[in-house]
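Participant: For reference, the sequence and a predicted model appear below.
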Amino acid sequence: MRGSDRLSLVILVIAAAGVLVLGTWWWVANAPAQPASAEPTPVASSWEPAEVRPAPADVDVRVLVTAPGRRYRLQYVCFGPGSLGIVVQGAEGGTQLREVDCEGSFDEFELTAAGERIEVVLERPNGDTGEVDLRLVETP
């Protein structure tokens, strides 16, 4: 390779890097702003214990603080064998019952708060063990 060929290659690489840097800067500078309502606001990032109630060892009772008449999404994830029973009290329409498989499932359902708190009872039948987490997200 001759000296002029090497110089041409170096200039080409520097020019390509400059175009890449300028293009990245332009892309970031002109990205659309996220509207404030695009992301739901978590009301309870996990759970907020408003009261403590005795429960059997395989039952987990969580009380979530809400506002009457507001709509929420109850999001939950469950890992481990078996299933998970979910009982929701304090939502409009009365008590809601659900049973889901716990093979790493993540799901959610909508509800409207009837009062200032929603009680969620999580039950692992047959003594199954595993991880369960939930959060309540207010929807617009």
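Facilitator: Yep, it's here.
Participant: Where does the most centrally placed residue in the chain fall, secondary structure wise?
Facilitator: Of all residues in the chain, the one closest to the mean position by Cα atoms, centre = their mean is Gln75, 6.7 Å from it. Per DSSP states H and E: Gln75 is located in strand 71-89.
Participant: if we can go back for a sec, my understanding was that the residue nearest to the centre of the chain contacts Val137; is that so?
Facilitator: Yes - at 6.2 Å, Gln75 counts as touching Val137 under the criterion of Cβ atoms under 8 Å. (C-beta placed from N, C-alpha, C; glycine too.)
Participant: Overlap of the contact sets of those two?
Facilitator: Both Gln75 and Val137 are contacted by Glu108, under the criterion Cβ atoms under 8 Å, 6 or more residues apart in numbering.
Participant: tell me the domain ranges of the chain?
Facilitator: If you go by automatic domain parsing, the domain ranges for the chain are 1-31, 41-138.
Participant: highest average neighbour count across these?
Facilitator: Among the domains of the chain, domain 41-138 has the highest mean neighbour count (mean count of other Cβ atoms under 10 Å), at a mean of 15.
Participant: Low-confidence bits of the chain, can you list those?
Facilitator: Along the chain, segments meeting pLDDT under 70 span 1, 32-58.
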